[in-house]
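In: okay, here's the prediction I keep looking at, along with the sequence it came from:
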Amino acid sequence: MMETILWIALGLLAVAILGCLYRLLLGPSIADRIASLDTIGILLLSMVAVIGMVNKTEAYFDLILVIGILTFIGTTAMARYIERGIVLESGADD
Amino acid sequence: MNPELMTKIAEILLGVVVLLGAIIAVISALGLIRLQDVYLRSHAATKSATLGVLFILSGVFLYFWIFQHHFSLKLLLGILFVFLTSPVAGHLNARAAYRSGVALWKGSVKDALKETAQNERREGEQKNR
Amino acid sequence: MRMLRKVWAIVKLLVLFNKELLVSGIAVLIEVIRPRIKVRPGIIRLDTELKTDFEITLLACLICLTPGTLTLDVSRDGSTLFIHAMNINESEDLAAQIKNSFEKAILEVTR
């Protein structure tokens, strides 16, 4: 019973990721694409957690941290890029 | 009531919490498709989605804590991380969108930032000269 | 005693914040699934009394995590926050509302 519910939840999450893909492909501005990429990362992370719950194992939980960190770093880097045109800047003057 | 039935019911309740999170995630993806401009979409993307993910992760965390007797510190760290980074990411993205000149939706009521942003841009140009 | 009061203030801030997150999260969801979306978005300014960087960061993050409001920018001196709000009604003053709830709770924690 619980596993059925979890599989339904996984399907819904997949649908949500598809919705984000629509915005990722058609988004009029780059910021739209970044926002949807961020959402896709967070949804993937929760999918991994649900899969761990289905299989009753903690083996996948490292992936959650890795995906979370990569998503955040990626979003930050791309946002800085479209704001200033550079990702890392040298020099102390601001 | 016999304990086996109780366990079953509790398991199903946690499953429903996860399902609720998934439904919230789907609705926020719908918002990502339907809403009009970047800023409005950021509302749906970074926050409603975060709410859904928090539901899912807390459901999974409670499941492992109660039924597997395993206090998963990694999962707790993951929850904390999503909680901390998602507003920062949303803010950065929206600010980058504004600074790179993405227009507000035409139905927007007011724009208090316009003057300040123009002043700052002018200052920046003077400094570069 | 002082320590205890501080802990209590932190707990109160967390509870307030979670309540706010749930209530306005549901509000945004209802807004999204309505057949014809009618929102009145806009950018408002919030003059804050908070001084240190930590307090301002905390306020900005809390505003960001509350659906319906999103911190867009902070002025150079840190005295003004610019907030993109999803629904602006003329009748209620959103800035005053945020000031009354979040800022007060943060002040109790940090001072």
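Out: It's in.
In: how near is the closest residue to residue B:18 other than its chain neighbours to residue B:14?
Out: Sequence neighbours aside, residue B:59 is the residue nearest to residue B:18 in space, at 4.2 Å (criterion: C-beta to C-beta, 6 or more residues apart in numbering or on different chains). In this view, the C-beta of every residue, glycine as well, is placed from N, C-alpha and C. Summarising the geometry, the distance separating residue B:59 from residue B:14, computed by C-beta to C-beta, to the nearest Å, is 5 Å.
In: repeat that for residue C:6.
Out: Where residue B:14 is concerned, residue C:6 sits at a distance of 34 Å (C-beta to C-beta).
In: next up, the contacts around the spatially most central residue of chain C.
Out: Of all residues in chain C, the one closest to the mean position by C-alpha atoms, centre = their mean is residue C:63, 3.3 Å from it. Counting by C-beta atoms under 8 Å, 6 or more residues apart in numbering or on different chains, residue C:63 makes contact with C:69, C:70, C:71, C:81, C:83, C:98, C:102.
In: the closest residue to the third one other than its chain neighbours and residue B:67, how far apart?
Out: Right, residue C:71. The spatial neighbour of residue C:71 that comes closest, neighbours along the chain excluded (C-beta to C-beta, 6+ apart), is residue C:60 at 4.4 Å. Shown here: residue C:60 relative to residue B:67, a distance of 39 Å by C-beta to C-beta.
In: which of those two has more neighbours?
Out: Higher neighbour count among residue C:60 and residue B:67: residue C:60, with 23 against 15, using other C-beta atoms under 10 Å in any protein chain shown.
In: make sure the more buried one is actually in contact with residue C:81.
Out: Yes. Taking contacts as C-beta atoms under 8 Å, residue C:60 lies within contact range of residue C:81: 6.4 Å.
In: what residues are shared contacts of these two?
Out: When contacts are counted by C-beta under 8 Å, 6+ apart, the set common to residue C:60 and residue C:81 consists of C:71, C:74.
In: residues making contact with the helix or strand of chain C with the lowest mean pLDDT?
Out: Among the secondary structure pieces of chain C, namely its helices and strands, helix C:94-98 has the lowest mean (mean pLDDT, DSSP states H and E), a mean of 75. Applying C-beta under 8 Å, 6+ apart, the contact partners of helix C:94-98 are C:44, C:45, C:46, C:47, C:63, C:69, C:83, C:85, C:88.
In: what's the spacing between the next helix or strand after it and its chain's center?
Out: Later in the chain than helix C:94-98, the nearest helix or strand by DSSP states H and E is helix C:104-110. Chain-centre distance of helix C:104-110: 13 Å, with C-alpha atoms, centre = their mean, to the nearest Å.
In: are helix C:104-110 and chain B in contact anywhere?
Out: No. Counting by C-beta under 8 Å from any C-beta of the partner chain, chain B is not contacted by helix C:104-110; separation bottoms out at 14.8 Å.
In: what is that helix packed up against?
Out: Based on contacts counted as 3 or more C-beta pairs under 8 Å, 6 or more residues apart in numbering or on different chains; DSSP states H and E, the elements that helix C:104-110 packs against are helix C:2-33, helix C:53-65.
In: mind telling me what element the most centrally placed residue in chain A is part of?
Out: The geometric centre of chain A, computed from its C-alpha atoms, lies nearest to residue A:41 (C-alpha atoms, centre = their mean), at 0.9 Å. When elements are defined using DSSP H and E, residue A:41 is found to belong to helix A:30-55.
In: what is that helix packed up against?
Out: helix A:2-26, helix A:61-84, helix B:3-34, helix B:38-42, helix B:49-66, helix B:73-99.
In: tell me, how many residues neighbour residue B:103?
Out: Using other C-beta under 10 Å as the criterion, the residues surrounding residue B:103 number 12.
In: chain center to stretch A:11-19, what's the gap?
Out: Averaging C-alpha coordinates over stretch A:11-19 and over its chain gives two centres that are 12 Å apart (C-alpha atoms, centre = their mean).
In: endpoints of stretch B:64-73, how far apart?
Out: 11 Å (C-alpha to C-alpha, to the nearest Å).
In: please see if that stretch touches chain A.
Out: Yes. For stretch B:64-73, a contact with chain A is found by C-beta under 8 Å from any C-beta, at B:64, B:68, B:70, B:72.
In: disregarding residues adjacent in the polypeptide, which is nearest to the second one?
Out: Setting aside the residues directly before and after it, residue B:68 is nearest to residue A:56 in space (C-beta to C-beta, 6+ apart), at 6.8 Å.
In: quick one on the thing from earlier: make a markdown table out of the contacts of residue C:63 and add secondary structure and neighbour count.
Out: Formatted as a markdown table, the entries for the contacts of residue C:63 read as follows, by DSSP: H, G, I helix; E, B strand; the rest coil; neighbours: other C-beta atoms under 10 Å in any protein chain shown:
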| residue | secondary structure | neighbour count |
| --- | --- | --- |
| C:69 | strand | 26 |
| C:70 | strand | 29 |
| C:71 | strand | 24 |
| C:81 | strand | 23 |
| C:83 | strand | 23 |
| C:98 | helix | 22 |
| C:102 | helix | 23 |
